[in-house]
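*Asks:* No letters, just coordinates:
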């Protein structure tokens, strides 16, 4: 699952790195475009990921035919959500109003990139239902293989369309969006063939059928607060990019490198969290609450241990990492300054991510959403704006100049407050998870 997540994340890394070497304008357009797209896509993906605990509990209980019915309804939900998401991305003006004056050439590339991603969205969301299905039944290699193959296709299409090779026009960020659309539609075609031909899936009786409100309601009842949590998480950081744009192209580029690296590191705890949540849900479906508790404890231990190893690697190689993203020294200076906040942020990000998925395994989604609204939006985004760009702008300038040298004060303030908010969120979610364990299995030992 981790390899599959990294492979999927490689799309964003390729886009950022390849546009970064095209021009600072293309990189700035990519940063703002991705902020909008990720906000929409991740929020909608969260709704679809309700299929994971639902199908996993069916799998643990041996209700295999119910898995096929739930998946078919999730496909209908994905198509409906893609229409909603496409409408939000077609008109980026309201999103960009947060960023102040944007150069016409940057705005043009933003609009073109997002219009290309509108074409990609239906395929991307349907592919997430395939991902959720395979996660729920402990078969992640299918999506991993498709994503790995997609990296090569994505790199080729980026090379052709971003730089204008083989006689094609150089489209910059717009070319990256076009290549994403092509790769996602190829991924859906391949995954449909696998589901149709592989005998493993036959007991599930996979079919789309007609929309059924009872099944859609079950997905929405869990999926809407899950999507809300995803949306809170992603907007806490994508809105950061829109605010940082006020400090210029180089600040935006440096912030985008930091955000992309944070997202890449996040794939490890995300994968372990999803895997732990799916296996925990299978144990819950089988009414084995002690196994569910042990699985959760193991997942948390692995996520935090992996986070510590990731922090060590990034700290040791941050100069090489930034050089791989950009050849502009001004963008690199901003990125290197911001990266000093990566250890604190990533450790608690791993804690809150894994704990969130364990709570969702128990079909608990509203409480995590409310905790994240209060912390990530309240402390992180609102507090970061207040101290970085609002009435108290510059209040932290002196200490931040020492902690994150080279980083603009506004961007540094946002990342500091984001780190504090993610720490509070992780600790609160962990306390709620322990409460759930005590209620479900009062004789068990709560996780460390």
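*Replies:* Sure, I can see it. Computed from a prediction, not measured in an experiment: that's the story for all the values here.
*Asks:* Tell me if I'm right that residue 414 and residue 240 touch.
*Replies:* Yes - using CB atoms under 8 Å, residue 414 is in contact with residue 240, at 4.8 Å. Backbone N, C-alpha and C define where each C-beta goes, glycine included.
*Asks:* In terms of packing, which of these two has more residues around it?
*Replies:* Using other CB atoms under 10 Å as the criterion, residue 414 and residue 240 rank with residue 414 on top: 30 against 25.
*Asks:* Would you enumerate the residues in contact with the closest residue to the more buried one other than its chain neighbours?
*Replies:* For residue 414, ignoring the flanking residues on the chain, the nearest one in space by CB to CB, 6 or more residues apart in numbering is residue 384 at 3.9 Å. By CB atoms under 8 Å, 6 or more residues apart in numbering, residue 384 lies in contact with 240, 243, 413-418.
*Asks:* Same question for residue 335.
*Replies:* With contacts defined as CB under 8 Å, 6+ apart, residue 335 is in contact with 253-255, 257-258, 322, 325-326.
*Asks:* can you check residue 149 too?
*Replies:* Residues counted as contacts of residue 149 (CB under 8 Å, 6+ apart) are residue 190.
*Asks:* quick one: it and residue 7, what's the gap?
*Replies:* Relative to residue 7, residue 149 is positioned 9 Å away (CB to CB, to the nearest Å).
*Asks:* now do residue 57
*Replies:* Relative to residue 7, residue 57 is positioned 28 Å away (CB to CB).
*Asks:* Comparing the two, which shows the higher neighbour count?
*Replies:* Neighbour count, other CB under 10 Å: between residue 57 and residue 7, residue 57 has more, with 24 against 20.
*Asks:* What helix or strand is the residue nearest to residue 325 when sequence neighbours are not counted located in?
*Replies:* The spatially closest residue to residue 325, leaving aside those adjacent along the chain, is residue 257, at 4.6 Å (CB to CB, 6+ apart). Of the helices and strands defined by DSSP states H and E, residue 257 is found in helix 249-285.
*Asks:* what's the following helix or strand after that helix?
*Replies:* helix 289-325.
*Asks:* And that next one, what does it pack against?
*Replies:* Helices and strands touching helix 289-325, as assessed by 3 or more CB pairs under 8 Å, 6 or more residues apart in numbering; DSSP states H and E, comprise helix 2-20, helix 249-285, helix 329-338, helix 342-361, helix 409-440.
*Asks:* Let me see the mean pLDDT of that helix.
*Replies:* In this model, helix 289-325 has an average pLDDT of 92.
*Asks:* any low-confidence regions in the stretch 301-448 of the chain?
*Replies:* The model of the stretch 301-448 of the chain has pLDDT under 70 over residues 441-448.
*Asks:* what do you get if the cut-off is 90, keeping everything else the same?
*Replies:* Of all residues in the stretch 301-448 of the chain, those with pLDDT under 90 make up the ranges 318-319, 321-332, 334-335, 388-391, 393-411, 438-448.
*Asks:* before we move on, back to that, give me the number of residues near the residue nearest to residue 325?
*Replies:* Applying other CB under 10 Å, we find 26 residues neighbouring residue 257.
*Asks:* Roughly how far does it sit from residue 342?
*Replies:* Residue 257 is 11 Å from residue 342, by CB to CB.
*Asks:* Ok, residue 139 next?
*Replies:* To residue 342, residue 139 is 33 Å away according to CB to CB.
*Asks:* Between the two, which has more neighbouring residues?
*Replies:* residue 342 (21 against 14).
*Asks:* Now do the contacts for the closest residue to the more buried one other than its chain neighbours.
*Replies:* Among residues not flanking residue 342 along the chain, residue 314 sits closest, at 5.7 Å (CB to CB, 6+ apart). Residues in contact with residue 314 (CB under 8 Å, 6+ apart) are 261, 265, 321, 339, 342-343, 346.
*Asks:* Generate a ChimeraX selection restricted to the buried entries among those residues.
*Replies:* Typed into ChimeraX, the line below selects the buried ones among the contacts of residue 314, using 16 or more other CB atoms under 10 Å:
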select :261,265,321,339,342,343,346
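*Asks:* export the contacts of residue 314 to TSV and tack on distance to residue 34?
*Replies:* As requested, those are exported to TSV (distance: CB to CB, whole Å):
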residue	distance to residue 34
261	13
265	17
321	18
339	19
342	19
343	24
346	19
